[in-house]
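Predicted coordinates and the sequence they were generated for:
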Amino acid sequence: MAYSDFSLKNENIIAGLGQCVATMIAAQIFNQRAGNDIKVIYGVVTSGTAWKFLTLEQNTVCIDSIEYHVNAVDKILGIILQTFESSLSKTLV
């Protein structure tokens, strides 16, 4: 599992999406060259108060249509935990 986090200094989450995707693609290329078989790269863009989640699988980027705000901390932590649980369960099989 690979995770890319891109934090912003202002509240413009949309502006950070391209930079996050570029980082995710770089992580994908790095892992391919290193022989690491990572199927999905996860990304998150955050201003600290707003969060947007992304995935990169092969050549397809998916951006969650929901922008999560800090008052939904249970959902934010649930999304992050889900990615780790998914990766861990595949490692243990």
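Yep, that arrived.

Residue 46 against residue 52, yeah?
Yes - with contact defined as CB atoms under 8 Å, residue 46 counts as touching residue 52 (7.4 Å). Quick note: C-beta positions are derived from backbone N, CA and C, even for glycine.

intersection of neighbour lists for the two?
residue 13 (CB atoms under 8 Å, 6 or more residues apart in numbering).

so residue 62 sits in a helix?
No - under DSSP: H, G, I helix; E, B strand; the rest coil, residue 62 sits outside any helix and is assigned strand.

Go ahead and measure how far stretch 68-85 is from the middle of the chain.
With CA atoms, centre = their mean, to the nearest Å as the basis, stretch 68-85 stands 12 Å off its chain's centre.

Buried residues in that stretch, which are they?
Within stretch 68-85, the residues scored as buried using 16 or more other CB atoms under 10 Å are 68, 76, 79-80, 83.

same thing with stretch 52-67?
In stretch 52-67, counting by 16+ other CB under 10 Å, buried: 52-56, 61.

all strands of this structure, in order?
Using DSSP state E, the strands of the chain run over 2-7, 40-46, 50-57, 60-63, 68-69.

ok, which pair from the buried residues of stretch 52-67 is furthest apart?
52 and 56 (13.9 Å; CB to CB).

related to what we said a few turns ago, can you flag the weakest of the strands of the chain by average pLDDT?
Least confident of these, judged by mean pLDDT, is strand 2-7 with a mean of 61.

how close does residue 73 sit to residue 49?
Distance check for residue 73 against residue 49: by CB to CB, to the nearest Å, it reads 11 Å.

Please apply the same query to residue 79.
Distance from residue 79 to residue 49, by CB to CB: 16 Å.

Residue 39 too?
Where residue 49 is concerned, residue 39 sits at a distance of 31 Å (CB to CB).

So for the residue nearest in space to the middle of the chain, what's the nearest residue that isn't a sequence neighbour?
Nearest to the geometric centre of the chain sits residue 43, at 1.6 Å (CA atoms, centre = their mean). Sequence neighbours aside, residue 54 is the residue nearest to residue 43 in space, at 3.9 Å (criterion: CB to CB, 6 or more residues apart in numbering).
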